[in-house]
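[1] here is my input, please return the structure:
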Amino acid sequence: MPSSIAPAAARVPNGWRARPSCSMPPRICPFRPDPAKVPVTGHTRRGRPALPKDLPRTRVAYDLSDAQKAAFDALERIGEERSETLHYEPSKLTVIEHMRFKYAAQKDGESTIRDGERPAVATAEE
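    Numbering: from 1, shown residues only. Sure, this is the predicted structure:
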């Protein structure tokens, strides 16, 4: 290693050092660890904490239009997606609960899943 790189390389943790590539088959390659011996720590996904249940809620439902429903031979509601956004007005907090209904739609022997369309998101123009 050149003398100018050696001090910086000494501060890098061992796990971050580049290992030489191995072009040997996986059975012979000395750099490939045994997957059964590698410890893997689990983790939980963290999301936003749930909004308090005591806040007033307003429900907004997004459903297929009558024209979209008429385009299929059969529709069966199979579920819904729910999301909550916090709405702030001066001195007042409310939760808006968005519900998008899901349908299993059939036409001409083919089936697909449709849901209520999401509203367009307003973005700031530069």
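[2] which element is K37 on?
    Taking DSSP states H and E as the definition, one finds K37 inside no helix or strand.
[3] residues near it, how many?
    Per other C-beta atoms under 10 Å, the neighbour tally for K37 reads 6. (Glycine included, C-beta is placed from N, CA and C.)
[4] can you check L64 too?
    Counted with other C-beta under 10 Å, residues neighbouring L64 total 21.
[5] need the pLDDT of the nearest residue to S111 once chain neighbours are set aside.
    Leaving aside its sequence neighbours, S111 sits nearest to A104 (C-beta to C-beta, 6 or more residues apart in numbering; 6.0 Å). On pLDDT, A104 comes in at 82.
[6] surely A104 and G79 touch.
    No: using C-beta atoms under 8 Å as the test, A104 is too far from G79 to be in contact (9.4 Å).
[7] ok, back up a step: helix, strand or coil for the residue nearest to S111?
    With DSSP: H, G, I helix; E, B strand; the rest coil as the basis, A104 sits in strand.
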